[in-house]
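Chemist: Got a predicted model here, sequence first, then my questions.
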Amino acid sequence: MYDIVNGLINTTFGWNWPGWVIALISHLLVTTLLFAIAPFQMLFLTYYERRAIARMQDRIGPNRVGPAGLLQPIADGVKMFTKEDIVPAAADRWVHFLAPCVVVAPTMLMFAVLPWGPGMVPVDLNVGLLFFFAISSISAVGLLMAGLASSNKFALLGAMRAVAQMVSYEIPAVLSLLAVVMLTGTLSIVQLIEAQAGLFISSADVPGVPDLGLGWFIFTPVGLLAFIVFFIAALAEGERTPFDIPEADSEIVAGYMTEYSGMKFGLFYLAQYVLNFLLCAIAAVIFFGGWQGPGVGWLYDRAISPANPDGNWVFNLLAGFLGVFYLLAKTYAFFFVMVWLRGAFPRLRVDQLMDFGWKFLIPLTLVNIVSAAIWVALLRWGPEQGITFTQNWTPILRWGVAFAVTLAVNIVAYIALARIFAASQAEQGRIDLDEYRDTLTATLR
Amino acid sequence: MTVKIERGQIVTVERGKRTARRLPGMGLLDGMAVVWKHWAGSFRKNQGFNDIHGVFTYEYPEERPKLPEAYRNMPILLYDDETSHELCTSCFQCERICPPQVIHMTQAKDPATGKPVPAVAEFVIEYDACMSCGFCAEVCPFDAIKMDHEFELSTADHQKLTVFKEQLNRPISYYERIAPTMWAEVRDGAMKKLQGNIKRRPDVIGMAPNLAEKIAARRRELEAAAAAATAPAAPAAAPAEGRKLTPEEKAAKLAAIKAANAAKKAGDTVEPPVAPAGAAPADEKAARLAAIRAKNAARKGEAPDAPPVVAGEPAGEAPPADEKAARLAAIRAKNAARKAAEGSDGAPVEANVAATEPAAAPPAAGAATSAAEAATAPADEKAARLAAIRAKNAARKAAGGGSDAAAPTTTGNVDSGGPGASDDAALS
Amino acid sequence: MNTGKLAFPMPLPAGVGTPSAPGGLEGQTSQEKPVRISVRRSRVDGCSTKDPAMFKTEELQINIGPQHPSTHGVFRMLVTVDGETIIDLKPVFGYLHRNHEQIAEQNTYLQNMPYTDRLDYFNSMANNQAYAMAVEKLAGIEVPERAEYIRVLMVELTRILNHAGALGFLINDMGMWQTQLAFGMREREKILDLFEMASGARMMCNYFRFGGVVRDLPPEFMPKLKELLVAMPAFVDELERLLRENEILMQRAEGIGILPKELALAYSVTGPVLRGSGVPYDIRKAEPYSVYDRFDFDVPVGSVGDVYDRFLVRIEEMRQSKRIIEQIVEQLPDARGGHINPRARQNVRPPVGDAYARIESPKGELGFYLVSDGSPRPYRYKVRAPSFINLTPLGDMCRGYKVADVVVILGSIDIVMGEVDR
Amino acid sequence: MATVIQIIFGLIAALIVGAAVMVVTVRNVIHAALWLIACFFGVGALYLLLEAEFLAVVQVLVYVGAISILILFAIMLTRQVTGEGVRQLVGGWRLWLTAAISALLFAVAIVPTVISHSWNVPAPPAPPGTPEPLAGVAELGRAFVYEFLLQFQVAGVLLTVALIGAIVIAFEERARRRRVLTLAEEHELRKRLAHPPPVEAPAGEPAPAPRATPISEGEVQQ
Amino acid sequence: MTAAVPLEAVLVVAGALFCIGLFGALSRRNLVGVLMGIELMLNAVNINLVAFWRYLEPRFISGQTFAIFIICVAAAEAAVGLAMVIAIYRNWLTVNADAVDSLRG
């Protein structure tokens, strides 16, 4: 963006403005654009979710306001705005007021590192991935504020559940991404996407693979397992079924949102849906190549870029459109899966959720990290790292061996851990009544 | 564990045994497959009772499910299309059986003799408390009360849910359309009973009151028949009887015109012209009846939520046959009219009062006055009665029209109601 | 509760003795005597609260209800929790009390029929049957065979629709949004269409009369019913595939809300809750009324008595109901017709006496106890409502579980507040 | 550009110091914890300004995302003492003493030392526009596995020990834990008390189902 | 940054933060409050380290490395400290530092 604005103002018009003004203008432009996109995404996703889940339940869904019900979210928004804003008398007013803002702000910040298309990233932070999750953990503070300030037991319970859940599931999410980071050796999201060129085999792994933009990490066993774990963790982070315990309406009404009404409630909703969108987008970016897809790389090679300053801007445009299309298509597909799960699964109980995260997902990600290490050792390392037996293998053979080994490790780990977990769940809660007979007898009258 | 018992067995349900043999997570995938199937199948309509996929909802206002014949919502009263006679004979069976006791009725009485007639004078059902059990329709020996299929009854006006005979009346053809076979079963018996009842109903009693033209036609028919029958008869009959025999067309028309004029006048001024009490009443009874009717109509117009005053009862009282009674009746009518007019006067002061009430009152007052006046003029009982009925109808119609169209507060709304009333009166 | 303990607020009319206890639970299945259990406050183990070493977490009192999404109506549970564990749960109800029994004593016998619809508004047909049977017993009215078949057909359809709905609500309470509920409602709507065809109303059917039914089945009823019988197994199979082995559902349902066999008997619960606890007690088998002795069907029972067992028992009961309906469809044309539409019996004046009739309603044993003093109005009218009695162990069943389990346990009991509060 | 940076630095410094002051003075401990979060944010922003992006992100991840949440949870678990009315600071002379110590330390020791010491700041590169060769994440990672390997391992051990230690300290012994018996357990216990010890399945009782015996239930707080 | 803001300014901010943290750690009666004060002091130290790295030795990574170690220690300290707070609360039913003066556990 900086380049474009700079080129427009200083080169085309020749006004020769100082650099910080240009920077300011370009950043304002980008942030404005993102702030416009985020609520729009939320509106569209609510509509999309309601339509999709209605179809799963043999209904049609909202179809009255506007063509095919497309204006329904607008109507909902108008309703939200016109509702009375109620603050409980016993509430901590300032904290109650600030909580929705603290929840929404991080989700907006997370847009900063999301690449939309080739060369279309607001900020290419070299620790982008870490930034994404660091920022996402802030909203837990907002939830806790909401729960504490509402002076409502349901809100407090909901907030404690939400925060415990978010903090717990951040660990498997980050650990599963760590495996992918090990495959590429970078934390920059842009470089992660660029590493996914190729055709089912990443060009980074096996040189000479034709680049159709399909060298996604999902096609590796490590990436597959990491994706599954990450997606489950994303469901928990985004408070989606089967992990929507913080707002389980059948148990604790609306959780931390119980005492919120009007637009403050709307902000929580906004934050949740934007977070869901972002989690889907980041899953698409990291495991499904983001904007990578057939044609984008070819187009972008002919476009203006730092590597190729002489390109044609038409290709910029085409590559951008195609890239954004791929990214959004993948994102919405993931969101559809979220909706699908919501339609198909009951929700877990809070202690089961914790058990699942700590006793199943985290060991699984640890095994996956070992798999990633095997993958890297077999594919990338050579004699200088002390790996000599792969020296004479062809790249494709190396890839094949790495694939087979990691796949075997992951499948065995999955089945074994699932069995162990199931057994531990079955054992849990059993009391040996004979052992505690004396203690327990005292409790009986 | 299964244990054989007589005609069956006791089966212990299996607790998800198959899971142990499968990969963990397969149960979840199975569920997702089911949901996917529904999603994929939801782009078509549900085919019917043997289909478990596809959209099964109705797009309600456009698409409506076909209601079965037996469907029951709220009770209605039937009347015969041809004779426009109501089937109800006010046998009080439905009133007695109604579990929430929302049916109320009064039996019609012959004003001439004061004897009960197998017809209903007024019939009220409180739709808001009705539980649609259908007992009334079930017990009715004359098949006069039936259950309607109309279910869109929601209204912002709670009062409208107390339903009177005019709104309850439906022609038989309507019911035949919604429930052909169920009507066919009872049709012959019902019609036979109706024919028997019609014979016992003098004059227009028992005719659906919302069919003014039919009633008028019936009137004329009756009168013509009576004239033809009594023409050769000796004029030495009782004076009251004799008067009845004079040619009636003219008198009726006169009464109608007078009523129309009166209604117009009522439209011009707030204080309706007082009926000239000194005018020579030819027939006391008729005048009195007319006055009472007018009064009822006025009261109804004045306060639509008041329970209906039954016209039949006072009419059935033994009439004092002298001039004083006529005068009294006229004064009563006048008072009623004035009350109604006062109601309309008070309206502009009370800004908060709902718009419909004052709007409905003045036309009714005007019509009532016209009725009172009309009662004094004609020299004939029947004509007076007719005039009263017309006036009453006009008043009611005007009340309805007024509430729809009239401006809410000022007395000027009488103008909008008045012409309507006069039109109706003239038309009839 | 059995009727032997019924409180009589007024002296009984002459000729009415102490009502005999209707052959209750005793001798049906259990070898042991029911364990007497008193409902009491929480039982907390060993350490007294004075022990300074005890980690005293705050006990929270939470009101779940009366306005709560998953209390199935206006129902309040006063829950004392320690963290998320329930120490004590007190059901509070009566918010929907509308004086049903007293109103019924002011009405004639027939006038009460539509009021019974409103007891358990999911199963109006079953309520009608129980009441009609009570009055018929009291007044000695014979019911023609065909009418009996129609009655059983309707009640079995009611059972299917009740279980379809109840399982949907249970799953909805578990958080699976409304998918299963929507599927259940779809089947329920089809059955309601049939009810509408026959009786004229979808829910408040008011279809039964003393000595018969309002009117015979319309001609378009049977073809539709046969179509429905095609869809019903598919629906049940799909439900099983969707949920029966769903790991999450098993996690939520297995071992939750266990009601041991003996305690289930002691609490006098009936219906799927009792059968889920492993007691094969089904009035249709134990004391065959109407024409139930002519049909082959199984009685599903559970083994543990937890939510999962109740869930499975309901699924199986839908299958068995479908079996019964198939047999009715076969036998109905041969049934003796008779005058099944007894229009004449508007004013029933039973002789002085009392009667108790009970049926296996979808929710459990539904009984009507009537005392007649010879007038056209019941002298005493008492409902043994299964929802109400199945609700009594709720507080004890929930103790020791988590807050999230309360709604699941409540959902598995399957109550309708209209029947609980009456 | 320099002015902008100075303004931003001023704002951040004000945020850090102001929030820190609020942390130590407000009465409500929850509010103090929230101010602490604001202060952590300010420090993170300062790191960004100092071009230590990784550290800034780690600051947010660890301090905001973990430590402050931990503090809030601890406050909630020890909730009885968070009331507004409770005096949160030590009283009387001790308060003044601590305030004096802190102020003196700042005014007498820190500020003069910092100002008077001549720091050996290397001259910035001649053309102001060119970026300085800064050490990034890759260097950091390399440093951890080569130069600071031992320290890195020790830090890992420390964290593990802290994790285990925290669990051990906060863990309740099984016997001391509060347990609420479920209905089924109570029933079973009563049955066993009625039929004295080791009775294998009492007569008449059905064999327990494979996965859930009547006494198994996942709910008892362990 | 290095050109615009002198090193002293950053150090003064860090010093102020340290002193405030010290005051908080000494004057708070609530154990959690004491912990919060300590966290502030650790942050002040971190600012110092990063500032020295940035201004004095930008080509070497040791400053940042130390900062990360300190964050590790802070995290460990917070975890153990808060666990102790909870354990103390369990035993004494208070988190008032003054009240916890008995050696008996």
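Modeler: All right, it came through fine.

Chemist: Find the helix or strand that E:T65 is a member of.
Modeler: Secondary structure from DSSP states H and E places E:T65 in helix E:62-92.

Chemist: Next, residue 319: secondary structure please.
Modeler: If you meant another chain, say so; for now it's chain A. Judged by DSSP: H, G, I helix; E, B strand; the rest coil, the three-state class of A:A319 is helix.

Chemist: residues near it, how many?
Modeler: A:A319 has 26 neighbouring residues, counting by other CB atoms under 10 Å in any protein chain shown. C-beta: built from backbone N, CA, C; applies to glycine.

Chemist: again, but for B:S154
Modeler: Neighbour count for B:S154, taken as other CB under 10 Å: 6.

Chemist: residues contacting it?
Modeler: Counting by CB atoms under 8 Å, 6 or more residues apart in numbering or on different chains, B:S154 touches no other residue.

Chemist: Would you mark the buried spots in stretch C:397-404?
Modeler: Using 16 or more other CB atoms under 10 Å in any protein chain shown as the test for burial, stretch C:397-404 gives C:397-404.

Chemist: what about it, start to end distance?
Modeler: 13 Å (CA to CA, to the nearest Å).

Chemist: What's the end-to-end length of stretch B:146-153?
Modeler: Start and end residues of stretch B:146-153 are separated by 17 Å (CA to CA).

Chemist: Could you list the domains of chain D?
Modeler: Domain assignment for chain D, taken from automatic domain parsing, gives D:1-83, D:136-196.

Chemist: chain center to the longest one: distance?
Modeler: Relative to the chain's own centre, domain D:1-83 is displaced by 12 Å; criterion: CA atoms, centre = their mean, to the nearest Å.

Chemist: can you tell me which of the domains of chain D the model trusts least?
Modeler: Note on the domains of chain D: lowest mean pLDDT is at domain D:136-196, with a mean of 79.

Chemist: does any part of that domain sit near chain B?
Modeler: No - Domain D:136-196 stays clear of chain B (CB under 8 Å from any CB of the partner chain), getting no nearer than 15.7 Å.

Chemist: and what of stretch C:348-360?
Modeler: No - residues of stretch C:348-360 are not located near chain B by CB under 8 Å from any CB, the shortest gap being 12.4 Å.

Chemist: Buried residues in that stretch, which are they?
Modeler: Buried, per 16+ other CB under 10 Å, within stretch C:348-360: C:348, C:350, C:353-360.

Chemist: In strands, which of those residues fall?
Modeler: Residues of the buried residues of stretch C:348-360 located in strands (DSSP state E): C:353-360.

Chemist: still on that earlier bit, which of the buried residues of stretch C:348-360 sits closest to chain E?
Modeler: Among the buried residues of stretch C:348-360, C:E360 lies closest to chain E (CB to the nearest CB), at 52.8 Å.

Chemist: doesn't C:P288 make contact with that closest one?
Modeler: No - here C:E360 lies out of contact with C:P288, judged by CB atoms under 8 Å, at a distance of 10.0 Å.

Chemist: Does chain A have contacts with the helix holding E:T65?
Modeler: No - for helix E:62-92 and chain A, the contact criterion (CB under 8 Å from any CB) is not met; the two come no nearer than 12.2 Å.

Chemist: And for stretch C:185-198?
Modeler: Yes - using CB under 8 Å from any CB, stretch C:185-198 reaches chain A at C:R186.

Chemist: Give me the three-state assignment for the residue nearest to A:Q57 when sequence neighbours are not counted.
Modeler: The spatially closest residue to A:Q57, leaving aside those adjacent along the chain, is C:A182, at 3.7 Å (CB to CB, 6 or more residues apart in numbering or on different chains). Taking three-state DSSP as the rule, one finds C:A182 in the helix state.

Chemist: Looks like C:A182 contacts A:R55 (just checking).
Modeler: No - C:A182 sits out of contact with A:R55 when judged by CB under 8 Å, with a separation of 10.8 Å.

Chemist: burial of A:W313, as a residue count?
Modeler: Around A:W313 there are 10 residues (other CB under 10 Å).

Chemist: Show me which of the domains of chain D has the highest average neighbour count.
Modeler: Burial of the domains of chain D is given as mean neighbour count (mean count of other CB atoms under 10 Å in any protein chain shown); domain D:1-83 ranks first at a mean of 21.

Chemist: elements contacting the helix or strand containing D:A56?
Modeler: According to DSSP H and E, D:A56 maps onto helix D:53-58. In terms of contacts (3 or more CB pairs under 8 Å, 6 or more residues apart in numbering or on different chains; DSSP states H and E), helix D:53-58 is packed against helix A:128-136, helix D:29-49, helix D:137-145, helix E:62-92.

Chemist: nearest spatial neighbour of C:Q106, skipping sequence neighbours?
Modeler: If the residues on either side of it in the chain are set aside, C:Q106 comes closest to C:R377, at 6.7 Å by CB to CB, 6+ apart.

Chemist: so what's that neighbour up against?
Modeler: C:105-109.

Chemist: Could you pull up the residues touching the spatially most central residue of chain D?
Modeler: Centroid check for chain D by CA atoms, centre = their mean gives D:I67 as the closest residue, at 1.7 Å. Listed by CB under 8 Å, 6+ apart, the contact partners of D:I67 are D:40, E:39, E:74-75, E:78.

Chemist: so where do the strands sit in the stretch 1-150 of chain B?
Modeler: For the stretch 1-150 of chain B, applying DSSP state E, counting those that start in this stretch gives strands covering B:2-5, B:8-12, B:75-79, B:103-109, B:116-126, B:145-147.

Chemist: and these as CSV, adding mean neighbour count?
Modeler: Shown next, in CSV, are those (neighbours: other CB atoms under 10 Å in any protein chain shown):
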stretch, mean neighbour count
strand B:2-5, 12
strand B:8-12, 18
strand B:75-79, 25
strand B:103-109, 21
strand B:116-126, 22
strand B:145-147, 24
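
Chemist: Compare these and report which one is nearest to C:V307.
Modeler: With distances scored as CB to CB, the stretch of the strands of the stretch 1-150 of chain B nearest to C:V307 is strand B:8-12 (16.5 Å).

Chemist: And the contacts of the closest one?
Modeler: Applying CB under 8 Å, 6+ apart, the contact partners of strand B:8-12 are B:1-3, C:278, C:280, C:285, C:296-303, C:316.

Chemist: Start and end of stretch B:55-63, how far apart?
Modeler: OK, stretch B:55-63 end separation, CA to CA: 13 Å.

Chemist: swap that for stretch B:172-188, sorry
Modeler: Stretch B:172-188 has an end-to-end distance of 13 Å (criterion: CA to CA).

Chemist: Show me which parts of it are buried, residue by residue.
Modeler: By 16+ other CB under 10 Å, the buried positions in stretch B:172-188 come out as B:172, B:174-176, B:178-179, B:182-183.
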